[in-house]
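Colleague: Predicted model and sequence follow; I will ask about them next.
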Amino acid sequence: MKRSIINQIIEEADDFIRSFGFVLPPFAYWSPEQMKDRKSDLAGILDARLGWDITDYGAGKFDEMGLFLFTTRNGSLEDLRRGGGMCYAEKIMISRKNQTSPMHRHIIKTEDIINRGGATLAIKMFESDDLGNIERDAPVPVTCDGVAKTLKPGDVLMLEPGESVTLHPGNWHEFWGEGGDVLIGEVSTVNDDLTDNIFEQPIGRFADIEEDIAPTHLLVSDYDKWV
């Protein structure tokens, strides 16, 4: 992805998020230079990989397959393993109309996916077999806002604004905005985007960036290089 496109997506996403009364934390608006200057204060941001995250999964077709994310808080795997402390994470995301976040599952993370506003959020789901592969014949038990449901394999769950679903490790899922763009909340156990995403297809989690202009704000995938 070109950096100029990423800068534009960030600006448009911020406007979309604010239109629903949600405001990102102050560090979202720091420049790369400000982050470098304050590096000694930013361990809680850098180590937890909080911030902007825009991906086309390395496929180069963001409008068709991509996702906007901003991680607002994230605990540590050490706390999760010992069963105490900051064992949770939160993201705000945008899935554009007919823009697919491709089929994947998580190894550790349990997550609530919440339609925070906009159009309908469509989620296609499968269960895992004993090896973690997609089980195309097994029913898919889910919980939607505390109500138990059972989906047929490959069913598409439609979430209207205010509705949510709880996804457990092993729940295969892909999602998109049905009929328009959707603001999505994610509340989960600790998030590890480096190792905890298993995709059906051989794709990457992060975008390959072409530096055609300077970044307005850094992505979480920029931190190791830029800060």
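Modeller: That came through fine. Since this is a predicted model, take the numbers as computed values, not measurements. Residues are numbered from 1 along each chain as shown.
Colleague: distance between stretch 78-85 and the chain's centre?
Modeller: 22 Å (C-alpha atoms, centre = their mean, to the nearest Å).
Colleague: list the buried ones in that stretch?
Modeller: residue 80 (16 or more other C-beta atoms under 10 Å). Just so you know, the C-beta spots here come from the backbone N, C-alpha and C atoms, and that holds for glycine as well.
Colleague: ditto for stretch 109-128
Modeller: By neighbour count on 16+ other C-beta under 10 Å, the buried set for stretch 109-128 is 109, 111-128.
Colleague: How far away from the center of its chain is it?
Modeller: In terms of C-alpha atoms, centre = their mean, the centre of stretch 109-128 is found 11 Å from the chain centre.
Colleague: next one: stretch 190-210
Modeller: 10 Å.
Colleague: Just the terminal-to-terminal distance for it.
Modeller: From its first residue to its last, stretch 190-210 covers 30 Å (C-alpha to C-alpha, to the nearest Å).
Colleague: So for it, mean pLDDT?
Modeller: For stretch 190-210, the mean pLDDT works out to 95.
Colleague: Same question for the single longest helix found in the chain: list its buried residues.
Modeller: Longest helix in the chain, counting residues (DSSP state H): helix 3-18. Across helix 3-18, burial judged by 16+ other C-beta under 10 Å covers 3, 5, 6, 7, 9, 10, 13, 14, 16, 17.
Colleague: Just give me how far it sits from the chain centre.
Modeller: Computed by C-alpha atoms, centre = their mean, the separation of helix 3-18 from the middle of its chain amounts to 16 Å.
Colleague: now for that helix, which elements pack on it?
Modeller: Applying 3 or more C-beta pairs under 8 Å, 6 or more residues apart in numbering; DSSP states H and E, we find helix 3-18 packed against strand 51-55, strand 67-74, strand 88-95, strand 172-189.
Colleague: Name the next helix or strand following that helix along the chain.
Modeller: helix 32-37 (DSSP states H and E).
Colleague: Only the buried residues of whichever helix or strand comes after that following helix, if you could.
Modeller: Downstream of helix 32-37, the next assigned helix or strand under DSSP H and E is helix 43-46. Of all the residues in helix 43-46, those buried under the rule 16+ other C-beta under 10 Å are 45, 46.
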